[in-house]
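>>> Okay, sequence plus prediction incoming.
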There are 2 protein chains.
Amino acid sequence: MATTNETNPRAADAASPEDGPPQKSMTIGAVCKGLAQEFPDISISKIRYLEDQKLLNPRRTAGGYRLYSASDVVRLRTILRLQRDEFLPLRVIRQELASGRAADGEGAVAATVQSVAGKRKRRASVSVADDGAMYPLPDVLEETRAAPELVRELEDYGVIKGELRAGVHYYDETEREIIAAVTELARYGVGGRNLRVFRSSADREAALLQQILAPALRSRNPERRKEALEALENLAAVASHLKHLLLIRDLRKIAG
Amino acid sequence: MATTNETNPRAADAASPEDGPPQKSMTIGAVCKGLAQEFPDISISKIRYLEDQKLLNPRRTAGGYRLYSASDVVRLRTILRLQRDEFLPLRVIRQELASGRAADGEGAVAATVQSVAGKRKRRASVSVADDGAMYPLPDVLEETRAAPELVRELEDYGVIKGELRAGVHYYDETEREIIAAVTELARYGVGGRNLRVFRSSADREAALLQQILAPALRSRNPERRKEALEALENLAAVASHLKHLLLIRDLRKIAG
DNA sequence: GGTACTCTCAAGCTCAGCTTGAAGGAAAGA
DNA sequence: TCTTTCCTTCAAGCTGAGCTTGAGAGTACC
């Protein structure tokens, strides 16, 4: 009996020319590994759970193994994004996907994420607690449309650090957003050397907040530490808001 | 003893002229009843729980009864809407409110994800263009629950200016929000002198942005000027976002 | 002074969203 | 073929968010 995708799940993209288009199907383990970069808390059992909740419905081999097509993976990624970034409960995600708005295919899914997400995307990066998701440089460049030199410059300045894994640079969510923001500023003519202004003020504020919460942060009581971390997040949010208000105030003088 | 709002929570809006401005304050039971129409699953214990989670902070009577001002109720309604319509967890709502991003529209209640996720209203205070609305000091104090000394301090520092009309100080929307933010920071122990850090960095950034847009802003072509103003708003928004990201990045190092 | 309302605090409850473990079959490599 | 690694189902368990409940006591107003 010829080995086909149907019965040979381990071969990720085995396909004979006469069988039609190459159907890249993956086993659950491969899918899990592939998504682990972007979603560190993914697990095989979670993927199975999502299927149990009728959010996924992959093909099966004769032996009962799950086989995920490319569009299955896209769908899964969409689910995970809606869950992580938009905080949607699974029952709502299921409705969104079921109500025709998100058939398979990049475009449709992108449209869904767009329409559902609206402008909320920023939220994910605003937390001090890092979820550990990492993104490879090419993806970041593609998404942010940043110039590669700019990224290097940011790294030279120590603004972002990245991580080298198997010859590829990876960046976390915050770094990705920093790159996006700086790219945006660059479009207006705010060059790299001007970033010093931003950086030094951020450093000063961080030092200030640290000083204030230092006792609690150093506490050996985990309860207390957790509270301090939450306070830190709130303080950061309020402080940033205040800075924005002060900036607006200054700009108003300039404009008027 | 004269009956005042402070000691008479049952009287929703009783106020004698000499007691100062009419302060419509409600007890928790009244608030609950008032919101029961729009939010059938509201309850007194839930409102108390939200306070426990640092989402609300109503005044108290001498006897310890909670007293909700009009703006407290607005805030509560916002919380409930974000929870019900946007599915946001409380910790995220807390952040949203702290960062001043959750404006409360008075439009029809959006029941579905799609309509909610649509366009987000820009906050009045985030705009460089001033709409000219002014608020008298007593109202500001009531809404922000700021200490009067703090407001004076801010004025002494030149952070806010106010306007004296017929013996009453008036503040614009941005100033009101600055007061609110500073009050919030004060609750965490960030005192007045620490504000210098924020102010000087805002000044530097304003100078930077001005420098970049100076030619366009000085233009005698009104079209060009208008464009420059819009660019200024965008720049301010992106710059503030960048600052926040950099702060988060720094704090993450601190946190562990 | 009675009654309706409110307070705090600790304990408990429910549900979403997974995880774990047992018992066993399927696929790939030697 | 044998062995290892990966996969299967199913039931039970766990964790944290988001409240609720109840006890015991005080407050406000007629």
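Cool, the structure landed.
>>> measure residue A:163 to residue A:36 for me?
Distance, residue A:163 to residue A:36, by C-beta to C-beta, to the nearest Å: 14 Å. In this view, the C-beta of every residue, glycine as well, is placed from N, C-alpha and C.
>>> If you could redo that for residue A:251, that was the one I meant.
In terms of C-beta to C-beta, residue A:251 sits 44 Å off from residue A:36.
>>> same deal with residue A:220?
33 Å.
>>> try residue A:142
Distance from residue A:142 to residue A:36, by C-beta to C-beta: 20 Å.
>>> Which one of those two is surrounded by more residues?
residue A:36 (15 against 11; other C-beta atoms under 10 Å in any protein chain shown).
>>> Could you report the pLDDT at the nearest residue to the more buried one once chain neighbours are set aside?
Nearest residue to residue A:36 in three dimensions, chain neighbours excluded: residue A:42, at 5.7 Å (C-beta to C-beta, 6 or more residues apart in numbering or on different chains). The model reports residue A:42 with a pLDDT of 97.
>>> Surely residue A:42 is in contact with residue A:80?
Yes: using C-beta atoms under 8 Å, residue A:42 is in contact with residue A:80, at 6.9 Å.
>>> Now list whatever residues contact both of the two.
Shared contacts of residue A:42 and residue A:80 (C-beta atoms under 8 Å, 6 or more residues apart in numbering or on different chains): residue A:35.
>>> what residue ranges in the stretch 51-200 of chain A score low on pLDDT?
The stretch 51-200 of chain A contains residues with pLDDT under 70 at A:100-126.
>>> Helices of that one, start to end?
Remark: helices assigned in the stretch 51-200 of chain A by DSSP state H, counting those that start in this stretch are A:70-86, A:90-96, A:106-117, A:137-144, A:148-157, A:173-187, A:195-218.
>>> Of these, flag the one that's most buried.
Counting by mean count of other C-beta atoms under 10 Å in any protein chain shown, helix A:173-187 has the highest mean neighbour count of the helices of the stretch 51-200 of chain A, with a mean of 22.
>>> Count the neighbours of residue A:246 for me.
Residue A:246, neighbours per other C-beta under 10 Å, totals 25.
>>> and whichever helix in chain A runs longest, average pLDDT?
With secondary structure taken from DSSP state H, chain A has its longest helix at helix A:222-255. Averaging pLDDT along helix A:222-255 gives 87.
>>> Buried by neighbour count: which residues of it qualify?
A:225, A:228-252, A:254-255 (16 or more other C-beta atoms under 10 Å in any protein chain shown).
>>> and what of stretch A:153-172?
By neighbour count on 16+ other C-beta under 10 Å, the buried set for stretch A:153-172 is A:153, A:154, A:159, A:160, A:162, A:169, A:170, A:171, A:172.
>>> Tell me the spacing between the nearest residue to the second one once chain neighbours are set aside and residue A:151.
When the adjacent residues along the chain are set aside, residue A:154 lies closest to residue A:160, with 4.8 Å between them (C-beta to C-beta, 6+ apart). When distances are taken as C-beta to C-beta, residue A:160 and residue A:151 turn out to be 8 Å apart.
>>> Could you do residue A:189 as well?
19 Å.
>>> Tell me the one among the buried residues of stretch A:153-172 nearest to DNA strand C.
residue A:172 (20.1 Å; C-beta to the nearest atom of the strand).
>>> Touching, that closest one and residue A:129? I think so.
No: checked against C-beta under 8 Å, the pair residue A:172 and residue A:129 is beyond contact range at 11.9 Å.
>>> what's the single longest strand in chain A?
strand A:168-172 (DSSP state E).
>>> The residue nearest to residue A:36 should be in a strand, yeah?
No: according to DSSP: H, G, I helix; E, B strand; the rest coil, residue A:42 belongs to no strand; its state is coil.
>>> Residue A:169: what's it in contact with?
Applying C-beta under 8 Å, 6+ apart, the residues near residue A:169 are A:136, A:137, A:162, A:163.
>>> Surely the last one is in contact with residue A:170?
In other words, residue A:163. Yes: at 4.7 Å, residue A:163 and residue A:170 qualify as touching, with contact defined as C-beta under 8 Å.
>>> re the thing from before, please give me every residue in contact with the residue nearest to residue A:36.
Taking C-beta under 8 Å, 6+ apart, one finds A:32, A:35, A:36, A:80 in contact with residue A:42.
>>> now do residue A:133
A:37, A:38, A:39, A:40, A:172, A:173.
>>> what's the burial count for the residue in the stretch 1-150 of chain A that DNA strand D sits nearest to?
Nearest to DNA strand D, among the residues of the stretch 1-150 of chain A, is residue A:29, at 2.5 Å (C-beta to the nearest atom of the strand). By other C-beta under 10 Å, the residues close to residue A:29 number 13.
>>> what about the residue nearest to it when sequence neighbours are not counted, how many neighbours?
Leaving out its chain neighbours, the residue that sits closest to residue A:29 by C-beta to C-beta, 6+ apart is residue A:44, at 6.4 Å. Here the count is done by other C-beta under 10 Å, and residue A:44 has 14 residues near it.
>>> Distance of residue A:44 relative to residue A:28?
5 Å.
>>> ditto for residue A:61
For residue A:61, the distance to residue A:28 - C-beta to C-beta - is 11 Å.
>>> Check the contact lists of the two and give me the overlap.
By C-beta under 8 Å, 6+ apart, no residue touches both residue A:61 and residue A:28.
>>> pretty sure residue A:131 is touching residue A:174, no?
No: contact criterion C-beta under 8 Å: residue A:131 and residue A:174 do not qualify, at 10.4 Å.
>>> Contacts (any at all) between DNA strand D and stretch A:83-98?
No: on the criterion C-beta under 7 Å from any atom of the strand, stretch A:83-98 is out of touch with DNA strand D, staying 8.7 Å away.
>>> Any idea how far apart the tips of that stretch sit?
16 Å (C-alpha to C-alpha, to the nearest Å).
>>> Quote the end-to-end distance of stretch A:140-156.
17 Å.
>>> how far does it sit from the chain's center?
With C-alpha atoms, centre = their mean, to the nearest Å as the basis, stretch A:140-156 stands 17 Å off its chain's centre.
>>> who touches that stretch?
A:135, A:137, A:160-162, A:171, A:175-176, A:178-180, A:182-183, A:186, A:192, A:195.
>>> What is the most widely separated pair among the contacts of residue A:133?
Greatest spacing in the contacts of residue A:133, by C-beta to C-beta: A:39 and A:172 (12.9 Å).
>>> residue contacts, residue A:247?
Per C-beta under 8 Å, 6+ apart, neighbours of residue A:247: B:202, B:205, B:206, B:236, B:239, B:240.
>>> ok, now how distant is it from residue B:232?
10 Å.
>>> In contact with the residue nearest to residue A:29, which residues?
Residue A:44 neighbours (C-beta under 8 Å, 6+ apart): A:28, A:29, A:32.
>>> could those go into TSV alongside distance to DNA strand C and pLDDT?
Listed next are those as TSV, based on distance: C-beta to the nearest atom of the strand, whole Å; pLDDT from 0 to 100:
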residue	distance to DNA strand C	pLDDT
A:28	11	98
A:29	11	98
A:32	10	98
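>>> Throw the residues you listed into CSV and include distance to residue A:54 and secondary structure, thanks.
Listed next are these as CSV, based on distance: C-beta to C-beta, whole Å; DSSP: H, G, I helix; E, B strand; the rest coil:
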residue, distance to residue A:54, secondary structure
A:28, 17, helix
A:29, 22, helix
A:32, 20, helix
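>>> between these, which is closest to residue A:51?
Nearest member of the contacts of residue A:44 to residue A:51, counting by C-beta to C-beta, is residue A:28, at 9.3 Å.
>>> Now for the closest one, how many residues are close by?
18.
>>> wait, what's in contact with it?
Counting by C-beta under 8 Å, 6+ apart, residue A:28 has contacts A:44, A:47, A:48, A:65, A:66, A:68.
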